[in-house]
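1. have a look at this prediction, sequence included:
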There are 2 protein chains.
Amino acid sequence: MMRFAIGIDIGGTKMLAALGDERGNLLAEMACSTHNVHGGEAGVTELVEAVAVKAGLRPQDAAAIGVGAPGPMDLATGTLLNPPNLGWGTVPIRQLILDRFGVPTMLTNDCKAAGYGEFRFGAGRGTQNMVYLGIGTGIGGCVIIGGQVYVGATGNAGEIGHTVIALDGPLCGCGARGCLEALASGSALGRLGQEAAATSGGQLLALVNGDVKAITGAHVAQAAAQGDPVAQGVFNYAIRGLGAGVGNVMNAFGPERVVLGGGVVAKNGSGYVKRVEEATQGFTLRGCGVPVVAAELGERSGVLGALAHAWEQARTHK
Amino acid sequence: MMRFAIGIDIGGTKMLAALGDERGNLLAEMACSTHNVHGGEAGVTELVEAVAVKAGLRPQDAAAIGVGAPGPMDLATGTLLNPPNLGWGTVPIRQLILDRFGVPTMLTNDCKAAGYGEFRFGAGRGTQNMVYLGIGTGIGGCVIIGGQVYVGATGNAGEIGHTVIALDGPLCGCGARGCLEALASGSALGRLGQEAAATSGGQLLALVNGDVKAITGAHVAQAAAQGDPVAQGVFNYAIRGLGAGVGNVMNAFGPERVVLGGGVVAKNGSGYVKRVEEATQGFTLRGCGVPVVAAELGERSGVLGALAHAWEQARTHK
């Protein structure tokens, strides 16, 4: 029988599964709602089972299982610590899967899984050192050094979204002011768009029939693309913030390439990535500037990264 | 004959030399003016010779020679690219030393040498992952990952002084706005002190007999310590900036420890370092906060780091 592993990506709204060999060739993929009828974590083991069945295999025969999920989490024990995006409470997800299938299992942060997926199979292929930023509701980071996900001595390194770039800037969900996430994430675009529309009006209000609280990051992007100066102010501030944040990454980490992924990138396309790359130029030192490129795997970067992590796990358990 | 190596630290005003064995035991140390009678780079080879003679040894018998100098430089060829702090023009310093003594020689950035010195012999001993910030006229960085100086794929990583922490902050010498160096270096303290005193007066003016342009970072520190609110405003802003910058380093690199060195730290002592450590607390994510400590080797961190680098060089040439 061929050797196979399984990757699972747990998102706020849906879960993805992929089953494949060590080179990333897939035999089966599946998706389901995160909040399915059986509720939360039970759905994860069901999904593992379902994707194996779809491939005509038994989950017990998997070489390893990799799971990416939103934090916070205890990586050492593989326990989800009540991630706000899931509402599952504290779940020893690694142990649950191990008990059910008897297969080595590892848990990783969803953004680090996505970055590793892009590194192995997407826009980071061919590098040994890259940085991935996932720009969605929040901003997560994944730093690859020497072909490995870098987590530092604390196990928590790579949190680029929570590096401060505007000391007196907007308040972030983490409690600090001016984190990259507080300026340039999808939710920051929405919140800053609401504030700007409330004081300056403009086309944003028309898009939501005057309901300021309904303005989202997507509205800001749309109105900015249509030439609304209020929305452009918010959008350009985010781009400039990303220029500084990505420039900081280049000066500090010296990667070969920076990959931008996540919902905001998917929605705004290559022109957006090009603008961020241009914005870094005012912030990088001589010899530090490197290409900024768009992620290539779309919403599958996380599940493919989880699969690649599963294989890493399998190698260490041989 | 015992095996020995030589480290040289070229500073803007003086040069230091140290000769020692692989474990850092020193047989001789020397210092001289950078701008001595024989002018610039010729003084470096003279200093190499002199420190060897002082130890009763011949420089030709050294296992290796390590040189730390201010940038910019081409690390691959070991060439100084007209460092503004030296005024020597472009000097192929590695080749000059190699030609003169026939000993393997390596050139490194002065701040990276200082960080490596602290890592090997000073405040970073016992770690495998640490970050050093040298806070003087400018702010330089040295990132140690897995016991090695991390330079990234570009060879220029670790430039923490040129990470942006205040998007619309003071202009930096590098051309960007709001770099850590532009807020918190010694020269930034002086410049921001001049601006504050020009508009708000206060004790700073008295310290320089009304000559605003004479205000330095040392005056700002002194007046702040004496309770002058204008100087305290500038000093506290720098501390808060360092809190954000060092917090960013913790979130991004996940080191075991952050070491602060350089002239500003030497002058302001452990109370200053303690304040920076406290200021990081508003910026670090859960599980990312680590100790911030003062450098231990004073002005010798660079020359001892250069010596340690020389031994690294010797090992690779065995």
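-> Ah, there it is.
2. tell me the contacts of A:Leu81?
-> Neighbouring residues of A:Leu81 by C-beta atoms under 8 Å, 6 or more residues apart in numbering or on different chains: A:Gly71, A:Pro72, A:Met73, A:Asp74, A:Thr90. All C-beta spots, glycine's among them, are computed from the backbone N, C-alpha and C.
3. if we use 7 Å, what do you get?
-> Contacts here follow C-beta atoms under 7 Å, 6 or more residues apart in numbering or on different chains; on that basis A:Leu81 touches A:Pro72, A:Met73, A:Asp74, A:Thr90.
4. I'd say the last one and A:Thr79 touch.
-> Going back to what we said before, that points to A:Thr90. Yes: using C-beta atoms under 7 Å, A:Thr90 makes contact with A:Thr79 at a distance of 6.4 Å.
5. ok, these two, which is more surrounded?
-> Using other C-beta atoms under 10 Å in any protein chain shown as the criterion, A:Thr90 and A:Thr79 rank with A:Thr79 on top: 18 against 12.
6. so who does the nearest residue to the more buried one once chain neighbours are set aside touch?
-> Setting aside the residues directly before and after it, A:Thr79 is nearest to A:Pro92 in space (C-beta to C-beta, 6 or more residues apart in numbering or on different chains), at 4.7 Å. Shown in contact with A:Pro92 (C-beta under 7 Å, 6+ apart): A:Thr77, A:Gly78, A:Thr79.
7. what strand or helix carries the residue nearest the centre of chain A?
-> Centroid check for chain A by C-alpha atoms, centre = their mean gives A:Cys111 as the closest residue, at 3.3 Å. Following DSSP states H and E, the helix or strand that holds A:Cys111 is helix A:110-121.
8. and that helix, how far out from the chain middle?
-> 8 Å (C-alpha atoms, centre = their mean, to the nearest Å).
9. that helix vs chain B: in contact?
-> No: for helix A:110-121, no contact with chain B is found by C-beta under 7 Å from any C-beta of the partner chain; the gap never falls below 12.3 Å.
10. now do stretch A:189-209
-> No: using C-beta under 7 Å from any C-beta, stretch A:189-209 never reaches chain B; the gap is at least 13.4 Å.
11. contacts for that stretch, please.
-> A:170, A:212-217, A:219-223, A:226, A:228-231, A:233-235, A:238.
12. go again using 10 Å as the cut-off
-> Identification of contacts with stretch A:189-209 by C-beta atoms under 10 Å, 6 or more residues apart in numbering or on different chains yields A:135, A:137, A:170-171, A:182-185, A:210-224, A:226-235, A:237-238, A:264, A:268.
13. determine how far the last residue of that stretch lies from the first.
-> End-to-end span of stretch A:189-209 (C-alpha to C-alpha, to the nearest Å): 18 Å.
14. and that stretch, how far out from the chain's middle?
-> With C-alpha atoms, centre = their mean, you get 27 Å for stretch A:189-209.
15. what sits in contact with each of A:Thr90 and A:Thr79?
-> A:Met73.
16. can you map out the strands along the stretch 201-318 of chain A?
-> A:257-261, A:292-294 (DSSP state E, counting those that start in this stretch).
17. so A:Asp228 makes contact with A:Asn236?
-> No: if you go by C-beta atoms under 10 Å, A:Asp228 and A:Asn236 don't touch, sitting 11.7 Å apart.
18. so for these two, which sits in the more crowded spot?
-> A:Asp228 (25 against 14).
19. in contact with the residue of the stretch 51-200 of chain A at minimum distance from chain B, which residues?
-> Evaluated by C-beta to the nearest C-beta, the stretch 51-200 of chain A has A:Gly152 as its residue closest to chain B, separated by 2.0 Å. For A:Gly152, the contacting residues are A:143, A:145, A:158-159, B:129, B:131, B:145, B:250-256, B:288, B:290, by C-beta under 10 Å, 6+ apart.
20. try 7 Å this time
-> A:Gly152 touches B:Asn129, B:Phe253, B:Gly254, B:Pro255, counting by C-beta under 7 Å, 6+ apart.
21. how close does the last one sit to B:Ile165?
-> Look at B:Pro255 and B:Ile165: by C-beta to C-beta, to the nearest Å, they are 18 Å apart.
22. of these two, give the one with the bigger neighbour count.
-> Between B:Pro255 and B:Ile165, counted using other C-beta under 10 Å, the more crowded position is B:Ile165 (30 against 26).
23. ok so, going back, and of the contacts of A:Gly152, the nearest to B:Thr105?
-> Among the contacts of A:Gly152, B:Asn129 lies closest to B:Thr105 (C-beta to C-beta), at 28.0 Å.
24. so which residue of the stretch 201-318 of chain A comes closest to chain B?
-> A:Gly254 (2.0 Å).
25. that residue and B:Val149 touch, don't they?
-> No: taking contacts as C-beta under 7 Å, A:Gly254 lies outside contact range of B:Val149: 11.7 Å.
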